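Chemist: From the sequence below, what's the structure:
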Amino acid sequence: MPLLTVECFPAEGIGPPQPPAGNARLKGGAICSAHPEVLMDILRPEMNLAIWDRRMPASLNRYLSRLASQAPFSVVVEDRIDRALQVLADRIPAGVVPDFMIDIRLLASAFATIAYTGGIVRVRLEAVTDQTCPRWHADAVGFRLLCTYRGSGTEWLPMAGGAAVARRLDSAALPCPPLRLATGAVAILKGEKHPDGEGSGCIHRSPAAGQARLLLCLDEPDQFPSDT
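Modeler: Here you go, the predicted model:
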């Protein structure tokens, strides 16, 4: 697909209280492309979401469906990429296939490079059937990578303002239509702890409950208490 850039909806449009001062209006842009290099655009100060719009190889379909059917489960590990993926492979309930681990390694390496993590990542792979994060929010992290391997993708709003704006949104009267990441697409989101400051976080939520959802989430290290 051609490069697609989405301008943000002004945070001022949802009424009082006023959003944080400064460049909040400029921090809600999103960019999408079929080329993986687009993920680097998350480093641009006006972008809080970069999407690599890809489709998973058909060879993985049967395996991903089988893994999603093991819901609910969650595997979390934080370590250097090689060690983290070895632990992950040992804990995945349906076993692993090489192509799946190669894909996660690719995403972890790209994320570690973009987020300057020194080769350490926090990996969370989970299969869920409920709506884990129903409220619109912006994450209290610097960067986060999301990829929904099975089921509905994460919903997001092309809005500036971050967490402060998300807290006062009325889901029944949103100021702009929500968008959704495609299954298999890779997204890097800015959070409220990014050096761009408050108001830089991408406003998003998990989709409504339904079919099992298989989600990969990558974070920078030392953002959460150890649970491995």
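
Chemist: Could you list everything the closest residue to Leu3 other than its chain neighbours pairs with in the sheet?
Modeler: The shortest distance from Leu3 to any non-neighbouring residue, by Cβ to Cβ, 6 or more residues apart in numbering, is to Ser33 (4.7 Å). No exception for glycine: its C-beta is placed from N, CA and C like everyone else's. In this entry, Ser33 is beta-bridged to Trp52, by DSSP bridges.

Chemist: Against Ala50, how distant is Ser33?
Modeler: 9 Å (Cβ to Cβ, to the nearest Å).

Chemist: Val128 now?
Modeler: 24 Å.

Chemist: Same drill for Ser33 and Ala50, tell me which one is more crowded.
Modeler: Ala50 (27 against 19; other Cβ atoms under 10 Å).

Chemist: dump the residue contacts of the residue nearest to the more buried one when sequence neighbours are not counted.
Modeler: Of all residues not flanking Ala50 in the chain, Ile42 sits nearest, at 4.0 Å (Cβ to Cβ, 6+ apart). Contact partners of Ile42, counting by Cβ atoms under 8 Å, 6 or more residues apart in numbering, are 48-50, 114, 143, 188-190.

Chemist: can you list the residues you listed in a markdown table and add distance to Tyr63 and secondary structure?
Modeler: Listed next are these as a markdown table, based on distance: Cβ to Cβ, whole Å; DSSP: H, G, I helix; E, B strand; the rest coil:
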| residue | distance to Tyr63 | secondary structure |
| --- | --- | --- |
| Asn48 | 33 | strand |
| Leu49 | 28 | strand |
| Ala50 | 27 | strand |
| Ile114 | 27 | helix |
| Phe143 | 28 | strand |
| Ile188 | 25 | strand |
| Leu189 | 27 | strand |
| Lys190 | 32 | strand |
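
Chemist: Neighbour-wise, give me the winner out of the residues you listed.
Modeler: Busiest of the contacts of Ile42 [other Cβ under 10 Å] is Asn48, holding 31 neighbours.

Chemist: what sits against that residue?
Modeler: 27-30, 42, 162, 189-190, 200-202.

Chemist: which of the residues you listed sit farthest apart?
Modeler: The distance between the two most remote of the contacts of Asn48 (Cβ to Cβ) is 14.7 Å, for Ile42 and Gly162.

Chemist: so where do the strands sit in this protein?
Modeler: 4-6, 29-33, 47-52, 73-80, 120-128, 143-150, 155-156, 179-180, 186-190, 204-205, 213-219 (DSSP state E).

Chemist: Report the helix or strand with the lowest average pLDDT across this structure.
Modeler: Here the helix or strand of the chain ranked lowest by mean pLDDT, DSSP states H and E is strand 4-6, holding a mean of 66.

Chemist: just checking, Gln131 touches Pro207?
Modeler: Yes - using Cβ atoms under 8 Å, Gln131 is in contact with Pro207, at 6.9 Å.

Chemist: Quick one, grab the pLDDT at the residue most central in space within the chain.
Modeler: Nearest residue to the geometric centre of the chain (Cα atoms, centre = their mean): Leu146, 3.0 Å. On pLDDT, Leu146 comes in at 98.

Chemist: Quick check: bridge partners of the residue lying closest to it once chain neighbours are set aside?
Modeler: Here the nearest residue to Leu146 in space, its sequence neighbours aside, is Ala187; by Cβ to Cβ, 6+ apart that works out to 5.1 Å. For Ala187, the beta-bridge partners are Ile51, Leu146 (DSSP bridges).

Chemist: Isn't Ala187 up against Leu181?
Modeler: Yes - at 5.4 Å, Ala187 counts as touching Leu181 under the criterion of Cβ under 8 Å.

Chemist: Thank you, goodbye.
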